[in-house]
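Engineer: Test case, fold it:
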Amino acid sequence: MRFIAGIFILALSILPLPSQATAADFSGKATVVDGNTLSFGETKVSLWALNAPSQKEQCLSTRGKIFPCGKTANRTLTMLIQGRSIECDIKDGAKDKQSRPLVICRLMGMDINEQMVLSGWAVAKADEGEQYSRSQYAAKKTRSGMWRSLSFKPEDIRGRK
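Structural biologist: Numbering: from 1, shown residues only. The predicted model follows:
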């Protein structure tokens, strides 16, 4: 009996254990700086693979009216996270031009970066991958967010280049 128990214990010790989930690089409640920048305390991070209008940027509506699309992008990101705890992972050690980590953020499994593109208040950056191109296509097709503006072209968004 001891022999069988010993074999059982030995077998358990050599079986692979389920991998433990790695901790997020940044987690907790973040503050929105602008449509593609968050702050975790003193540390600012940029959302990977997207560009959102800068805080003061304006867009032209289909009715020919100027509206504050930068503030709207900021408000959209604020509403997405709603002061809740989020998790952000640095994308392959990448940094933006201000040396801020480029991150993919999640809220209860939802990809926040993708939601910004899908809402039309950020554009996908093709040079950082095609991950959000389908979401951008959907936003453009439904004329969501900035895609309803007359003069909007993705390259017109200054934000983070």
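Engineer: Then G83 would be within a strand, right?
Structural biologist: No: under the criterion used here (DSSP: H, G, I helix; E, B strand; the rest coil), G83 is coil, not part of a strand.
Engineer: Is there a neighbour count for it? I'd like the number.
Structural biologist: 10 (other C-beta atoms under 10 Å). Quick note: C-beta positions are derived from backbone N, CA and C, even for glycine.
Engineer: What of A94?
Structural biologist: The burial count for A94: 14, using other C-beta under 10 Å.
Engineer: Equivalent analysis for S99, please.
Structural biologist: 7.
Engineer: so where's this protein shaky on pLDDT?
Structural biologist: 1-22, 150-156, 158-161 (pLDDT under 70).
Engineer: need the helices for it, in chain order.
Structural biologist: 2-14, 69-81, 112-118, 133-141 (DSSP state H).
Engineer: And the third one, what does it pack against?
Structural biologist: Going back to what we said before, that points to helix 112-118. strand 43-47, strand 50-51, helix 69-81, strand 101-107, helix 133-141 (3 or more C-beta pairs under 8 Å, 6 or more residues apart in numbering; DSSP states H and E).
Engineer: Can you give me the buried ones in the first one?
Structural biologist: The one in question is strand 43-47. In terms of neighbour count (16 or more other C-beta atoms under 10 Å), strand 43-47 has its buried residues at 44-47.
Engineer: and if you look at stretch 127-143?
Structural biologist: The neighbour-count check on stretch 127-143 (16+ other C-beta under 10 Å) flags 131-132, 135-136, 139-140 as buried.
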